[in-house]
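1. build me a model:
(2 chains)
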Amino acid sequence: MIAFTVNGRPVSLDAPGARRLLDVLREDLRLTGTKEGCGEGECGACSVLIDGEVVNSCLVAVGQAEGSDVLTVEGLERSGALAPLQQAFIDHAAAQCGICTPGMLMAAHALLQETPDPSPDDVRRAIAGNLCRCTGYTKIIEAILACRTRAT
Amino acid sequence: MAIPVPTESPAGSIGQAVPRRDGRAKVTGRARYTDDLVFPGAWLGRTVRSTVARGVLRRIHFDPAFDWQQVVVVTAADIPGDNVVALIRDDQPALAARDIRHREEPLALIAAPDRDTLHLAVQHLRVECDALAPVLDVESATDELAHLTIEKGDVDRALADADVVVERTFRVGRQEQLYIEPQGAIAVPTEDGGITIYGSLQCPYYVHRAVTRALGLSAAQVVVIPAEVGGAFGGKEEYPSLVAIHAALLAVKANRPVRLIYDRQEDIAATTKRHPGIIRHRTAARQDGSPLAQDIEIVFDGGAYCTLSPVVLSRAAIHAAGPYACPNVRIRGRVLATHTPPSGAFRGFGAPQSQFAAELMMEHLAEALGMSSIDLRRRWMLRVGDTTATSQRLAESVGTELVLDAALQQARPMALPTSPTLRRGRGVALAYHGSGFTGSGENKLASRVALEYTPDGEVRVLTAQTEMGQGTNTVLAQIAADALGVPWDRVTVVPPDTSTVPDSGPTVASRTVLIVGGLVAQAAVELRARLRTDRPPIRVERTYVPPDWIRWDDAHYRGDAYPAYAFACVVADVEVDLDTGEVRVTDLVAALDPGRALHPPMVEGQMEGGVLQAIGYATIEELKVDGGRVLNDRLATYIIPTASDAPRIRTVLVENPYSGGPFGAKGIGEIPMDAPAPAVVAAIHDATGVWLDEIPATPEKLLAALVT
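-> Alright, predicted model coming up:
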């Protein structure tokens, strides 16, 4: 049995440890917000957080998640209310086709947890592993910068 | 008779940044793309492809060591209808029966209950082909897929009389759409012996027609429902018909739902690309710069099958002279077949290729004349009352000067290079792009839309337009609401489903806002009138009738090619590393005349995304084909710009309403792709003194040019 939490809820699975975390999330747990774009860690559509770190879930064997906290896009809302980052993506029209959006949100969430007041270049670096083909990144970066909180 | 399109917006959603209709579903992960849909008992499908670029299929071997009862296999012999992917010419088989024309030619299909069984089955199947010598280079190809000629004035006489004649040859590369969601379709057999297709696709009625034909079913037996589409850019215009036919063939034989979802490698290797090609220009001017003649020859590599090549060539040729008013123009275009995976639709549809050449030609001519290319453009560019290459007289909404002035005004002083091996430079390019199908195309499509007013006051918009990120669902709701005079949130845009929505044509060709949006606006005006006398439910339908001034001669390719054109100007600043040959775009201003911007942030979003695709096209993106096989078929080897590579793209919207568009709007989906590549290459010249007449301007090409 492999045990970990997903979006705060404990999960225990009787799954081969070598299965991709991406498949376990999408197929076993029906958390289809996490997307597959390339299957080899290049596009970032499958980004999730493991203990706060961004990972490409297509490259992570589910066994590696044992005992950890996994956060997916479905875990960003708080009691039905959008997280500020999600609202900012709507307000700035930062999601077009939307297929990169969940991964992009996870990378941005991790950045803002670590660096609450990032520079535009910090943002570009933080999402450089998440490919978007629709937006030219301009509005995505604006949306993330709108969620900065100044250090006190 | 056409109903006048309202240009006032009483309810006030037009021009406002209303929240996107699909925003909430997309930021929460609840939007359902094809691979997110669950069908209990569904099997997984896979396509078995050729191993040779050209040849004859001899046999398919089924290894007896594998139990073939566990899976379903489909070959050409199993196709119940016509073995074609119905589009323009019936040349492409759904599965090759004998002749193999490209390395990724589908030969057989397999479906299995799970991944492991599917994988084993594929390993135990072997295709035996006799290889033939392939034609891989367009310059040695002879099999013509399409040709056309546009003529205006007397080019030969003008060339003979000219003070200055400049000749150049340009080359453009094979570009991959690289939508982040790969191709996929799920076919579900229905009780009436029919099939329902769910998929990632732009044109539900194209898929409907192709599946109906290949499966030998009646129109009523086939239903096509697009799922949420994770990017398309033309790549999901015609190719999904093939994916859907394959999924349907497997589902019928397996008598259960079958999922056929491509992985990235298969998607890059097998699906359609932007046509690569060669474009030759001879341009003549007087010593003072005034235009005399443009003589242009376009040769595109169409790949193995016709697909949409005749239409791509048409758009390429019509735009090949650029947004300029030259009295004598001759444009000859050909698409030739090679034994490579078929070329097809990609945002811009031939115009980015031909306008890359046209814009660099302005640079070369300016250099020959010793004048600034901006001054030269001002002398040449189309203004109201001028005629285009197809002899179309432009009566209104010609934004050349507006976008050129706006872009130049927003450009900032260039920063100095930060190291002695770096050089900086600036380039400018101008472009135009026609909205809608070419010439008589919209006439033939005769698109239909419907509007319904329910007893509880809901307005329902029914069209076949797909939301693929560009904002269809939001903008059609805005148009309906404001034309009807109701609040925006009273309008529902019904998701396309061929069993419930009328055929409003494909979601392509910068046509959704101008053509379909125009129909929605007309229907809303009629509905508003009906509401005064009739009691809901009320349904209003409209069929497209082109403006009465449109004249088009298909035989001579002359006349009003498009009802309206969008215009754009790009100013690009680059930094070139002389040691590595790397080019970085450091700043980019894109000015756009969209007619009216119905939703400014979404229009900017179209511009920003298209600009970055075009920067990739200009600098790093090229699919390499060797021996008919795609070499860089992975995201690690086919590189697209990341957030770290991208400049901050600054979009300026210059409104310039078109009286025939809904609320003054024109189509803007494709024009973002047209101007950036020539601007970037001109900027590289400004930085280094080197002209590259070939894109992508890769470090290898640039370093080679720098040493010569």
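
2. what helix or strand is B:Ile197 located in?
-> strand B:195-199 (DSSP states H and E).

3. pairing partners for that strand, with directions?
-> strand B:184-189 (antiparallel), strand B:222-226 (parallel) (DSSP bridges).

4. CSV for those, including mean neighbour count?
-> Just so you know, the C-beta spots here come from the backbone N, C-alpha and C atoms, and that holds for glycine as well. CSV is the format used below for those (neighbours: other C-beta atoms under 10 Å in any protein chain shown):
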stretch, mean neighbour count
strand B:184-189, 26
strand B:222-226, 24
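
5. pipe the ones you listed into CSV and attach mean pLDDT per row.
-> Output for those, formatted as CSV (pLDDT from 0 to 100):
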stretch, mean pLDDT
strand B:184-189, 98
strand B:222-226, 98
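
6. distance to B:Ala244 added to these, as a markdown table?
-> Shown next, in a markdown table, are these (distance: least, C-beta to C-beta, whole Å):
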| stretch | distance to B:Ala244 |
| --- | --- |
| strand B:184-189 | 4 |
| strand B:222-226 | 7 |
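
7. could you export the strand holding B:Ile197 as CSV, CA atoms only?
-> Taking only C-alpha atoms (Å, rounded to 0.1, in the frame of the first residue of the first chain), the coordinates of strand B:195-199 have been written out as CSV:
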residue,chain,number,x,y,z
ILE,B,195,-21.3,6.5,-33.8
THR,B,196,-20.8,9.5,-31.6
ILE,B,197,-17.4,11.2,-31.7
TYR,B,198,-16.0,13.3,-28.9
GLY,B,199,-12.7,14.9,-29.7
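
8. other SSEs contacting the next helix or strand after it?
-> Using DSSP H and E, the helix or strand that follows strand B:195-199 towards the C-terminus is helix B:204-215. Packing contacts for helix B:204-215, counted by 3 or more C-beta pairs under 8 Å, 6 or more residues apart in numbering or on different chains; DSSP states H and E, involve strand B:195-199, strand B:222-226, helix B:239-254.

9. which of those sits most buried?
-> Per-stretch averages of neighbours, counted by mean count of other C-beta atoms under 10 Å in any protein chain shown, single out helix B:239-254 among the helices and strands packed on helix B:204-215, with a mean of 28.

10. which other helices and strands does it contact?
-> The criterion is 3+ C-beta pairs under 8 Å, 6+ apart, and the helices and strands that helix B:239-254 contacts are strand B:43-49, strand B:72-75, strand B:106-112, strand B:184-189, strand B:195-199, helix B:204-215, strand B:258-261.

11. B:Arg347: which of those is closest?
-> Nearest of these to B:Arg347, taken as C-beta to C-beta: helix B:204-215 at 17.0 Å.

12. so A:Gly17 is in which element?
-> Going by DSSP H and E, A:Gly17 is not part of any helix or strand.

13. give me the residue from chain A nearest chain B.
-> Going by C-beta to the nearest C-beta, chain B is nearest to A:Gly33 of chain A, at 1.9 Å.

14. quick one on the thing from earlier: switch the helices and strands packed on helix B:204-215 over to CSV; also include distance to B:Ile640.
-> What follows is the helices and strands packed on helix B:204-215, written out as CSV (distance: least, C-beta to C-beta, whole Å):
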stretch, distance to B:Ile640
strand B:195-199, 23
strand B:222-226, 24
helix B:239-254, 19
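
15. how about these, which one is nearest B:Ile668?
-> strand B:222-226 (21.8 Å).

16. which residues sit against the closest one?
-> Applying C-beta atoms under 8 Å, 6 or more residues apart in numbering or on different chains, the external contacts of strand B:222-226 come out as B:190, B:194-202, B:204-205, B:207-208, B:211-212, B:215, B:244, B:466, B:495-499.

17. kind regards, and thank you for your time.
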